[in-house]
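**Student:** sharing a model prediction with you, sequence too.
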Amino acid sequence: MAMFKTFLFSLLALAGALLALVLVTTVASWLPPLIGVHAGGAVQLGWDLAFTVLGGIAAVAFASYHAPCWPRSHGMGIWLLLAIASLWAAWDMGNEFPRWFVLLLVISLPLQLGIGLWVGARKWRTATSP
């Protein structure tokens, strides 16, 4: 029974991480008109990139924080999904976006993993430290 509970909580942590990603990117879509950022152009692309990175950090942190065990493995699993999706987008839609956007998206992947694990695994560091 304990193994099933751990498995279920692992799935919930991963699903919650994807939900966190969706929520952050949803905020990115409705917040710009409220603060006066106009659609289109480099400012909108920079805004989208910033929230994409924040969404990745939030997803990795959520998975790591709420994992019942092996927090870094949960964070890494979500990050691998994000990395595959980002690299696919860079490959598939690279000509539709400026080079700086695609380059920064790919460069931000290790940053998303590092910060997300640092934030998410804090619970584990403080719980096990003397």
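**Tutor:** That came through fine.

**Student:** which stretches of the protein have low pLDDT?
**Tutor:** In the predicted model of the chain, residues 94, 123-130 satisfy pLDDT under 70.

**Student:** and the helices in it?
**Tutor:** 2-35, 41-66, 71-92, 99-120, 122-128 (DSSP state H).

**Student:** residue nearest the centroid of the protein?
**Tutor:** What sits nearest the mean C-alpha location of the chain, by CA atoms, centre = their mean, is Gly56, with 1.3 Å.

**Student:** count of neighbours near the residue nearest to Leu14 when sequence neighbours are not counted?
**Tutor:** The shortest distance from Leu14 to any non-neighbouring residue, by CB to CB, 6 or more residues apart in numbering, is to Ala63 (5.8 Å). The way it works is simple: take the backbone N, C-alpha and C, and place the C-beta from them, glycine included. Other residues lying near Ala63 total 31 when counted by other CB atoms under 10 Å.

**Student:** quick check: Ala63 touching Val119?
**Tutor:** No - between Ala63 and Val119 there is no contact under CB atoms under 8 Å: 11.1 Å.

**Student:** would you quantify the distance from Leu109 to Leu87?
**Tutor:** Separation of Leu109 from Leu87 (CB to CB, to the nearest Å): 8 Å.

**Student:** between those two, tell me which one has more neighbours.
**Tutor:** Using other CB under 10 Å as the criterion, Leu109 and Leu87 rank with Leu109 on top: 17 against 13.

**Student:** roughly how far apart are the more buried one and Val37?
**Tutor:** 25 Å.

**Student:** repeat for Ser73
**Tutor:** 37 Å.

**Student:** next up, the contacts around the residue nearest to the centre of the chain.
**Tutor:** Contact analysis of Gly56 by CB atoms under 8 Å, 6 or more residues apart in numbering lists Leu21, Trp79, Leu82, Ser108, Leu109, Gln112, Gly116.

**Student:** kindly report the same for Val37.
**Tutor:** Val43, Gln44, Trp47.

**Student:** try it again at 10 Å.
**Tutor:** Leu31, Val43, Gln44, Gly46, Trp47 (CB atoms under 10 Å, 6 or more residues apart in numbering).

**Student:** winner for burial among the helices of the chain?
**Tutor:** helix 41-66 (a mean of 20; mean count of other CB atoms under 10 Å).

**Student:** thank you kindly, that will do.
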